[in-house]
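Visitor: Dropping the sequence and predicted coords here.
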Amino acid sequence: MTEPVDLRTEATSVSRDLADLARLREWLSDRLRRRPFGSEDVLQDILVMASELVSNAVLHTKSLPTVTLTVLPDVVRVAVHDDDPRLPVLEPLDVRRARGNGLRIVDAWAEQWGSYLVPGDGKEVWFTARRW
């Protein structure tokens with residue numbers, strides 16, 4: 001008999017108010033802390049990366065982002081959906097730029113990340129992080 005897959009997927013919408021990022025981090029933290037986690041540092045990295053993706057959706061689109069969290073035995077996947085079909089572009093690092101380096105954080109910290117078009121409904125940008 002195989003072990004059941006520890007799969008839990010939950011989603012929440014986020015307002016366009018960047019102050020709502022604190023509520024998002026609380027929502028993610030609450031759900032992730034319900035399960036054994038290897039490191040508080042990994043949890044904090046996930047919260048920062050999720051905040052960066054939601055900030056990008058708020059700053060560059062007109063929709064209300066939806067965040068989907070999927071927890072597997074060894075991996076956490078966070079995805080942000082918005083209604084804009086333009087895929088994100090990883091810009092070269094520019095320390096003089098006040099904004100525009102958030103995706104570089106995701107690129108550096110995530111196990112994997114990517115984006116894809118949702119036919120007729122914008123795009124999804126996602127990342128994964130190891131739980132241990």
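Guide: The structure has been received and is ready for your questions.

Visitor: Show me the shaky parts of the chain.
Guide: For the chain, applying pLDDT under 70 flags the ranges 1-7.

Visitor: Show the residue spans covered by the helices in it.
Guide: In the chain, the helices defined using DSSP state H lie at 21-33, 40-60, 102-109.

Visitor: Let's have those helices in JSON lines, adding distance to Asp94.
Guide: For every residue, glycine as well, the C-beta is placed using N, CA and C. What follows is these, written out as JSON lines (distance: least, Cβ to Cβ, whole Å):
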{"stretch": "helix 21-33", "distance to Asp94": "23"}
{"stretch": "helix 40-60", "distance to Asp94": "16"}
{"stretch": "helix 102-109", "distance to Asp94": "10"}
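
Visitor: among those helices, which is the most enclosed?
Guide: Stretch with highest mean neighbour count among the helices of the chain: helix 40-60 (a mean of 18; mean count of other Cβ atoms under 10 Å).

Visitor: what inclination does that helix have with respect to helix 102-109?
Guide: Interaxial angle, helix 40-60 versus helix 102-109 (axes from the mean of the first three to the mean of the last three Cα atoms, to 10 degrees): 150 degrees.
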